[in-house]
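Undergrad: Build me a model:
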Amino acid sequence: MKALRVAIAAATVAAWYQPLLAASDPPAGAASCSGCHSTGTTASSISRLYGRDAGDIATAMAKFRDGSLPATVMNRIAKGFTDEESRAIATWLAAQK
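TA: Predicted coordinates for the structure are as follows:
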């Protein structure tokens, strides 16, 4: 029963926090993503990041940084961010719709 209450509380906080995060200023570095990644619905060979899963974005950034995910430019860009910065950017991007 306690686990259920914790899960409900966590879901409530997440539902309340998501709109606030979407409306917040982007963390350092996040605004530059829109230079290549579309913020709208236009067709592009470069994937849209807004609304994607934060874990997927952070994992991709880590893989670009360590070279396990091939890239033309992202490997160099990703090396400029720490894990914490990448997670903050990923969380903010995921909150955007």
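Undergrad: which residue ranges form the helices in the chain?
TA: Applying DSSP state H to the chain gives helices spanning 2-23, 54-66, 74-78, 83-95.
Undergrad: mean pLDDT lowest for which of these?
TA: With a mean of 52, helix 2-23 has the lowest mean pLDDT of the helices of the chain.
Undergrad: how about the closest residue to residue 44 other than its chain neighbours, what does it touch?
TA: Closest residue in space to residue 44, ignoring its immediate chain neighbours: residue 38 at 5.0 Å, by Cβ to Cβ, 6 or more residues apart in numbering. From N, CA and C alone the C-beta is placed, and that goes for glycine too. Each residue near residue 38 by Cβ atoms under 8 Å, 6 or more residues apart in numbering is listed here: 44, 46, 48.
Undergrad: ok, now which ones touch residue 94?
TA: When contacts are counted by Cβ under 8 Å, 6+ apart, residue 94 is found next to 51, 52, 53, 54, 57.
Undergrad: ok, of those residues, which come out buried?
TA: Taking 16 or more other Cβ atoms under 10 Å as the criterion, what is buried in the contacts of residue 94 is 52, 54, 57.
Undergrad: Closest to residue 91 out of the residues you listed?
TA: Nearest to residue 91 among the buried ones among the contacts of residue 94 is residue 54, at 4.7 Å by Cβ to Cβ.
Undergrad: Relative to residue 50, how far out is the nearest residue to the closest one once chain neighbours are set aside?
TA: Nearest-residue entry for residue 54: residue 94, 3.8 Å, with adjacent residues in sequence omitted and distances by Cβ to Cβ, 6+ apart. Look at residue 94 and residue 50: by Cβ to Cβ, to the nearest Å, they are 8 Å apart.
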